[in-house]
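# with the sequence up front, the predicted model follows.
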Amino acid sequence: MRTPHAKPIDSRRRSGITLVELLVVIIIVSVVVAAAIPVALPAIESRRMREAARGVNLFLLGARSRAMEIGRPVGVLFQRAPEEPRAVTTLRYVEVPPPFAGFTYQSRARIVAMMGTDPATGDPALGYFLELVETTGVPLHLPDGFLRYNDWVQLNYQGSGYTLVPDWESPLISNAQDSNGDGFIASPSGENPRIRVQPDRDGSIGVWATLAADGDTTAAFQFQVHRQPAPSAAQPYQLPEGTVIDLVGSGLAGSPMGEVVFDPRNYDNRTLNPISGNDIQDENGDLVPDLDIMATFEPDGAVRFVYGEAGGRFWAERPLTPLHLLIGKRENILTEYSASSPTAAPDDWNRANWRQPGSYWITLSQLTGRVSSTENAPLNPATLSTGTPTVADEVVQARRFTTTGLEASGG
């Protein structure tokens with residue numbers, strides 16, 4: 001009689017999960033992730049805002065330290081995003097080159113007044129021109145790459161100065177021009193450079209001007225041309241993805257000229273000088289495009305604020321009040337809105353960065369160069385006592401909250 005034996009077990013078979021079990025696990029994981037994202041997203045965005053504020057803060061302090069180290073102004077260029085001129089996404093270092101005083105110990109300069117013709121009216125027009133000469137009589141050739149329009153020149157190291165500007169006479173009196181469009185002025189070989197200038201302050205030519213005959217070097221003086229900042233080779237700083245410096249809310253605090261903002265249209269689709277509030281125009285009278293912004297530090301740590309760069313031309317002022325930079329989300333920038341009505345289409349002010357608790361303010365003291373960062377205090381428009389608040393009203397109030405917070409904390 002044969003004894004029954006158990007069927008041998010195939011050692012190659014392994015336990016596993018079924019397709020149904022796998023689908024159940026996937027569904028559970030998906031539900032958990034979907035529930036966690038809304039909870040984790042604010043924390044991620046908040047950390048990104050803090051990183052942006054800290055990065056901008058450190059980059060500004062780096063420029064200040066560099067200026068104090070080398071004994072020359074160093075600054076930061078706030079580069080507008082190409083697709084959105086109201087947003088800054090990249091910061092770059094700029095340095096001011098040493099003053100230009102000629103190529104030899106015999107280099108001199110003088111201011112001459114010359115009559116030309118106004119091309120618009122055909123009438124005679126008086127203009128002032130800077131002439132660079134050599135006391136040896138050898139023509140001083142000005143090659144490309146040294147001087148630019150809006151550089152500032154001073155004769156004999158004292159008194160009022162003169163700003164280099166494009167010549168508009170017809171025919172041109174200046175022989176030194178930006179002929180290749182690179183932003184630098186150059187003169188022909190064998191000719192002393194003659195560049196049109198705009199006298200400072202009251203428009204007078206000052207005590208160092210002369211009406212001596214062309215070629216007379218006896219009335220020429222030593223000079224210094226204070227040149228504009230040039231890009232540094234240092235690595236730029238890129239704000240974290242999704243974060244920007246919101247130029248609609250950024251600008252100078254209240255000043256004798258009023259509240260200043262960096263939105264180039266200043267809420268009414270015009271390009272304005274942020275210091276004077278006047279239209280910024282080029283030599284042809286046309287409004288300039290959206291300009292990049294620079295803030296430069298002096299060797300003593302104070303701020304010299306430089307506004308505007310387009311086609312190699314700059315506008316510079318020393319600020320009288322602190323500089324405020326608003327760090328926020330790109331999607332919260334107001335791009336199309338009514339200047340006077342919060343409810344007007346198409347943009348809803350409720351999403352403005354100065355109304356968001358996660359935004360940050362970077363405050364730069366114009367006197368000491370101190371940089372502070374403060375989390376934005378959510379703005380309640382109902383607290384404004386201006387009736388129906390404008391964009392400027394809300395921005396002013398948001399900055400005041402920030403300033404109050406800094407003063408309360410000893411900042």
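Great, that's in hand. Just so we're clear, the structure is a prediction, and the values are computed from it rather than from any experiment.
# only C-alpha atoms from now on, for both contacts and neighbour counts.
Noted.
# who touches the closest residue to residue 95 other than its chain neighbours in this structure?
Closest residue to residue 95 apart from its sequence neighbours, by C-alpha to C-alpha, 6 or more residues apart in numbering: residue 74 at 4.4 Å. Each residue near residue 74 by C-alpha atoms under 8 Å, 6 or more residues apart in numbering is listed here: 63, 64, 66, 67, 93, 94, 95, 96, 229, 296, 297, 298.
# not counting residues beside it along the chain, what's closest to residue 100?
residue 225 (4.9 Å).
# neighbours of the one you found, just the number please.
Residue 225: 23 surrounding residues under other C-alpha atoms under 10 Å.
# per-residue pLDDT of it, please?
What the model reports as pLDDT for residue 225 is 91.
# that one against residue 99, yeah?
Yes: shown here, residue 225 and residue 99 form a contact pair, counting by C-alpha atoms under 8 Å, at 5.3 Å.
# hmm, back to that, any idea how far the residue nearest to residue 95 is from residue 188?
32 Å (C-alpha to C-alpha, to the nearest Å).
# try residue 164
18 Å.
# more neighbours: which of these two?
Neighbours were tallied for residue 164 and for residue 188 using other C-alpha under 10 Å; the higher tally belongs to residue 164 (22 against 14).
# now that one. Nearest residue, chain neighbours left out?
residue 197 (4.5 Å).
# pairing partners for the helix or strand where the one you found lies, with directions?
According to DSSP states H and E, residue 197 maps onto strand 194-199. Strand 194-199 pairs in its sheet with strand 124-134 (antiparallel), strand 162-164 (antiparallel), by DSSP bridges.
# what's the helix or strand following that strand in contact with?
Proceeding N to C from strand 194-199, the next assigned helix or strand is strand 223-226, under DSSP H and E. With C-alpha under 8 Å, 6+ apart as the test, strand 223-226 has contacts from 98-101, 108-109, 151-157.
# export strand 223-226 as CSV, just CAs?
What follows is strand 223-226, C-alpha atoms only, in CSV (Å, rounded to 0.1, in the frame of the first residue of the first chain):
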residue,chain,number,x,y,z
PHE,A,223,40.2,118.8,-14.3
GLN,A,224,38.4,115.6,-13.1
VAL,A,225,35.6,113.8,-14.9
HIS,A,226,33.6,111.8,-12.3
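# direction included, what does the next helix or strand after that strand pair against?
Following strand 223-226 in sequence order, the next helix or strand is strand 230-231 (DSSP H and E). With DSSP bridges as the test, strand 230-231 is paired with strand 84-95 (antiparallel).
# buried residues, the partner strand. List them.
Neighbour-count burial for strand 84-95, counted by 16 or more other C-alpha atoms under 10 Å, picks out 85, 86, 87, 88, 89, 90, 91, 92, 93, 94, 95.
# same check on stretch 223-239?
Per 16+ other C-alpha under 10 Å, stretch 223-239 contains these buried residues: 223, 224, 225, 226, 227, 228, 229, 237, 238, 239.
# ok so, going back, from the contacts of strand 223-226, which shows the smallest pLDDT?
Checking pLDDT across the contacts of strand 223-226, the minimum falls on residue 157 at 81.
# let's verify that one: helix, strand, or coil?
Secondary structure, DSSP: H, G, I helix; E, B strand; the rest coil: residue 157 is coil.
# please report how far it lies from residue 50.
From residue 157 to residue 50 the distance is 46 Å (C-alpha to C-alpha).
# which one's more surrounded, those two?
More crowded of residue 157 and residue 50, by other C-alpha under 10 Å: residue 50, with 20 against 13.
# which one of the strands paired with strand 194-199 lies nearest to residue 143?
Residue 143 sits nearest to strand 124-134 of all the strands paired with strand 194-199, at 12.4 Å, using C-alpha to C-alpha.
# hmm, back to that, can you get me a residue count around the residue nearest to residue 164?
26.
# pLDDT weak spots in the protein?
Scanning the chain for pLDDT under 70 picks out 1-16, 36-44, 119-120, 169-171, 201-218, 253-291, 305-317, 335-348, 379-392, 402-411.
# quick one on the thing from earlier: any chance of the buried residues of strand 84-95 in TSV, plus distance to residue 58?
Output for the buried residues of strand 84-95, formatted as TSV (distance: C-alpha to C-alpha, whole Å):
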residue	distance to residue 58
85	24
86	22
87	19
88	16
89	15
90	14
91	11
92	12
93	12
94	15
95	17
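# hey, which helix is longest across the chain?
For the chain, the helix with the greatest residue count under DSSP state H is helix 19-70.
# by contact count, what packs against that one?
strand 74-81, strand 84-95, strand 237-238, strand 243-252, strand 293-297, strand 323-329, strand 360-364, strand 371-375 (3 or more C-alpha pairs under 8 Å, 6 or more residues apart in numbering; DSSP states H and E).
# what are the buried residues along the first one?
In this case it means strand 74-81. Within strand 74-81, judged by 16+ other C-alpha under 10 Å, the buried ones are 74, 75, 76, 77, 78, 79, 80.
# would you mind writing the CA trace of that strand as CSV?
Taking C-alpha atoms only, strand 74-81 is exported to CSV below (Å, rounded to 0.1, in the frame of the first residue of the first chain):
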residue,chain,number,x,y,z
VAL,A,74,30.1,100.7,-5.2
GLY,A,75,26.5,99.9,-5.8
VAL,A,76,23.8,97.5,-6.8
LEU,A,77,21.9,97.5,-10.1
PHE,A,78,18.3,96.5,-9.8
GLN,A,79,17.6,94.9,-13.1
ARG,A,80,14.0,94.8,-14.3
ALA,A,81,12.6,91.6,-15.6
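# what's the angle between that strand and strand 84-95?
Interaxial angle of strand 74-81 relative to strand 84-95 (axes from the mean of the first three to the mean of the last three C-alpha atoms, to 10 degrees): 160 degrees.
# how far does stretch 138-158 stretch from start to finish?
End-to-end distance of stretch 138-158 (C-alpha to C-alpha): 26 Å.
# which other residues reach it?
In contact with stretch 138-158 (C-alpha under 8 Å, 6+ apart) are residues 100, 107, 109-110, 132-134, 160-166, 176, 183-193, 208, 221-228, 312-315.
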